[in-house]
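[1] Fold the following, please.
(one chain, ligands or ions: 1)
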Amino acid sequence: MTLVALVAALAAAQLAETPPSGGPEVPFVTTPLEVVDEMLRLAGVGPGDVVYDLGCGDGRIVIRAARDRGAHGVGVDVDGRLVAEAREAAARAGVADRVEFREQDLFGVDLRHATVVTLYLFRRLNLQLRPKLLAELRPGARVVSHQFDMGDWKPDRIIDVGGHRLYLWTVPADPARRRALEAAGR
Ligand SMILES: C[S@@+](CC[C@H](N)C(=O)[O-])C[C@H]1O[C@@H](n2cnc3c(N)ncnc32)[C@H](O)[C@@H]1O
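    Have a look, this model is predicted:
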């Protein structure tokens, strides 16, 4: 499938709120590199961070977080071909010792070690993930989503990067607030 066809599939499936037939629920469409840089800037990613990209595609977000910001990272994707590509790209970028790529469904990932989670999925998947993010991430962990929101979990910031909308949330420190958001997301 060409890039144009993939972008069209992503947009069409989002509009229809139904997965495209065959393959993973969300097709592989890359976040442009300048938008990746803004996602990492928005989350304030630095050397102390562990960045998880759920549905990592070619691994670009995690690789840039490690290469340009000194972070550690984990990328997961159901597409084994993309995971292999991401590992090769990490080796080429000289960050293979600080990143890990796993062929895995994102709903099975243990997020307790993540300090930053990046997403470029559908809104419906963001909403399904929301209780898991709030239950497993530590207070102060940041979540950045490219293009899609989290329903009534209001973002701390929304920015526009050349037509790409980016959302930032911070996991609240108050356990009651976390539980309320978690329950409302179910
Ligand atoms: C729109 S692409 C985003 C790629 C990358 N995060 C980026 O922003 O450039 C979504 C990716 O999610 C993967 N994906 C879809 N459903 C998934 C699932 N349930 N578990 C893991 N990965 C999934 C797809 O294979 C695809 O590579």
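[2] Just list the residues touching residue 78, thanks.
    For residue 78, the contact set (Cβ atoms under 8 Å, 6 or more residues apart in numbering) comprises 24, 55, 103-106. For glycine as for every other residue, the C-beta is placed from the backbone atoms N, C-alpha and C.
[3] Would you map the helices across this structure?
    3-16, 33-42, 60-69, 80-93, 123-136, 175-184 (DSSP state H).
[4] In terms of mean pLDDT, which of the ones you listed ranks lowest?
    If you rank those by mean pLDDT, helix 3-16 sits at the bottom with a mean of 44.
[5] re the thing from before, so which of the helices of the chain is the most surrounded?
    Highest mean neighbour count among the helices of the chain (mean count of other Cβ atoms under 10 Å): helix 60-69, with a mean of 23.
[6] same for that one, what does it pack against?
    If contacts are counted by 3 or more Cβ pairs under 8 Å, 6 or more residues apart in numbering; DSSP states H and E, helix 60-69 sits against helix 33-42, strand 50-54, strand 72-77, helix 80-93, strand 99-103.
[7] and the last one, anywhere near the ligand?
    It stands for strand 99-103. No. Applying Cβ under 6 Å from any ligand atom, one finds strand 99-103 separated from the ligand by no less than 8.7 Å.
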